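Peer 1: build me a model:
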Amino acid sequence: MADNNTPLLKVEHLHKEFPTGSGFMGGKFSKKVVSAVNDLSFEIRAGETFGLVGESGCGKSTTGRAIMHLDPPTSGKVYFEGRDISKMNKKELKAMRREMQFIFQDPYASLNPRMTIGEIISEPMVIHGIGTPEERIERVRELLDVVGLNPEHINRYPHEFSGGQRQRVGIARSFILRPKLIICDEPVSALDVSIQAQVLNLLKDLQAEFHLTYLFITHDLSVVKFFSDKIAVMYLGQLVETADSAELFRQPLHPYSQALLSAIPIPSSRQKMQRVKLIGELQSPIDPEPGCRFAKRCLYAREGCTGRDLALRDFGSGHFCACCRAGALEEQTPSK
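Peer 2: Numbering: from 1, shown residues only. The predicted structure follows:
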């Protein structure tokens with residue numbers, strides 16, 4: 001058991017690469033790799049919500065799956081309550097997954113259409129050999145009530161529910177083992193805006209009542225601002241900035257973070273939006289060149305931005321940024 005000073009989750013220099021499958025005899029025999037996650041390091045304390053944000057394809061979901069070893073990382077370490085997950089045997093890994101659960105992005109694809117809602121939610125208890133059939137049914141009924149669904153619908157199938165209701169089923173399934181950490185992978189991106197608010201409020205209520213910890217993966221900055229205590233900004237597999245939520249929205253340091261925040265709609269006719277327009281094209285994640293992967297789209301890029309990977313630097317108050325010009329950019333706004 002970890003002491004009070006140990007982070008619940010600690011990620012050190014996490015890498016995840018995939019072989020390319022293009023070309024003659026690609027995939028297995030290809031020497032080229034897609035660098036999906038590159039040297040990620042961060043910590044999450046018990047009771048926190050840590051937001052991992054970035055555009056689609058930047059490696060957020062891959063990071064979540066690598067942490068749980070659903071897709072084991074290529075290199076790097078993941079510590080849960082001070083224990084190195086990579087050194088766990090199958091029995092220990094199974095026990096660890098009782099404490100770490102996953103909410104998937106697509107409520108339509110993540111539920112088995114051949115199983116009833118009761119069977120889906122109770123499946124983790126069956127896998128871990130917890131409780132009698134009667135106790136499992138009772139636990140499912142309790143959770144259906146907690147997540148705002150009718151316990152009498154326990155024998156219905158997923159197709160009989162709306163998208164928001166299905167995601168509530170997914171939340172109940174992830175919560176049934178009473179985990180300490182839940183990885184939420186875009187849990188509201190497939191839902192209508194009004195339903196998003198309901199699901200987010202439900203997650204907040206569950207966290208407050210049961211002292212849950214969340215790794216919240218999303219591309220929606222409005223959601224992450226509402227939901228997260230700390231935020232890490234990710235671009236093409238790299239972390240470019242981390243800070244407390246309020247600090248990041250008050251003073252983003254990395255040009256990519258500034259561009260993301262400038263894209264958030266402002267609900268005011270008096271305040272004019274000042275969009276940061278990106279230039280250039282995305283760098284390929286296949287065998288990327290060393291250095292800042294945002295450099296080809298950055299208005300401030302210079303020679304020192306490429307040729308070597310840039311480490312996160314501490315700018316005070318837990319605000320870290322991987323940009324060689326971050327200090328000089330604090331008060332600057334691009335002209336176009």
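Peer 1: surely Gly237 and Ala36 touch.
Peer 2: Yes: Gly237 is within contact range of Ala36, at 5.6 Å (criterion: CB atoms under 8 Å). Backbone N, C-alpha and C define where each C-beta goes, glycine included.
Peer 1: which neighbours do those two share?
Peer 2: Shared contacts of Gly237 and Ala36, defined by CB atoms under 8 Å, 6 or more residues apart in numbering, comprise Gly59, Pro285.
Peer 1: between the two, point out the one with more neighbours.
Peer 2: Ranked by neighbour count (other CB atoms under 10 Å), Gly237 and Ala36 place Gly237 first, with 26 against 23.
Peer 1: quick one, what contacts that one?
Peer 2: Per CB under 8 Å, 6+ apart, neighbours of Gly237: Ser35, Ala36, Val37, Asn38, Leu40, Cys58, Gly59, Pro285, Pro288, Arg293.
Peer 1: might one say that the fifth one is in contact with Leu52?
Peer 2: No: taking CB under 8 Å as the definition, Leu40 is not a contact partner of Leu52, at 9.1 Å.
Peer 1: give me the common contacts of the two.
Peer 2: Thr63, Met234.
Peer 1: between the two, tell me which one has more neighbours.
Peer 2: Using other CB under 10 Å, the more surrounded residue of Leu40 and Leu52 is Leu52, with 29 against 23.
Peer 1: let me know the secondary structure of the more buried one.
Peer 2: Here Leu52 is recorded as strand under DSSP: H, G, I helix; E, B strand; the rest coil.
Peer 1: Val233 should be in a strand, yeah?
Peer 2: Yes: the assignment for Val233 (three-state DSSP) places it in a strand.
Peer 1: give me the beta-bridge partners of it?
Peer 2: Beta-bridge pairing of Val233 under DSSP bridges involves Val53, Glu241.
Peer 1: that one and Leu221, how far apart?
Peer 2: 9 Å (CB to CB, to the nearest Å).
Peer 1: residues in contact with the nearest residue to Gly118 once chain neighbours are set aside?
Peer 2: Sequence neighbours aside, Ile154 is the residue nearest to Gly118 in space, at 4.0 Å (criterion: CB to CB, 6 or more residues apart in numbering). By CB under 8 Å, 6+ apart, the contact list for Ile154 reads Thr116, Ile117, Gly118, Ile137, Val140, Arg141, Leu144.
Peer 1: ok, now Lys60?
Peer 2: Leu52, Val53, Gly54, Asp185, Glu186, Ile217, Thr218, His219, Met234.
Peer 1: ok, those residues vs Arg297, which is closest?
Peer 2: Distance to Arg297, by CB to CB, is smallest for Gly54 among the contacts of Lys60, at 13.4 Å.
Peer 1: pretty sure the closest one contacts Leu239?
Peer 2: No: using CB under 8 Å, Gly54 makes no contact with Leu239, being 9.2 Å away.
Peer 1: next, show the common contact partners of those two.
Peer 2: The contact sets of Gly54 and Leu239 overlap at Val233 (CB under 8 Å, 6+ apart).
Peer 1: so which of the contacts of Gly237 wins on neighbours?
Peer 2: Highest neighbour count within the contacts of Gly237: Val37, with 30 neighbours (other CB under 10 Å).
Peer 1: ok, now how distant is that residue from Pro19?
Peer 2: From Val37 to Pro19 the distance is 15 Å (CB to CB).
Peer 1: same check, this time on Asp106
Peer 2: 26 Å.
Peer 1: these two: which has the busier surroundings?
Peer 2: Per other CB under 10 Å, whichever of Asp106 and Pro19 has more neighbours is Asp106, with 16 against 13.
Peer 1: the spatially closest residue to that one that is not a sequence neighbour: what secondary structure?
Peer 2: In space, Asp106 comes closest to Ala190 once its chain neighbours are excluded; the distance is 5.7 Å by CB to CB, 6+ apart. With three-state DSSP as the basis, the three-state label of Ala190 is coil.
Peer 1: what's the pLDDT at Ala190?
Peer 2: Here the pLDDT value assigned to Ala190 is 77.
Peer 1: isn't it up against Phe104?
Peer 2: No: the pair Ala190 / Phe104 is not scored as a contact, 10.0 Å apart, by CB under 8 Å.
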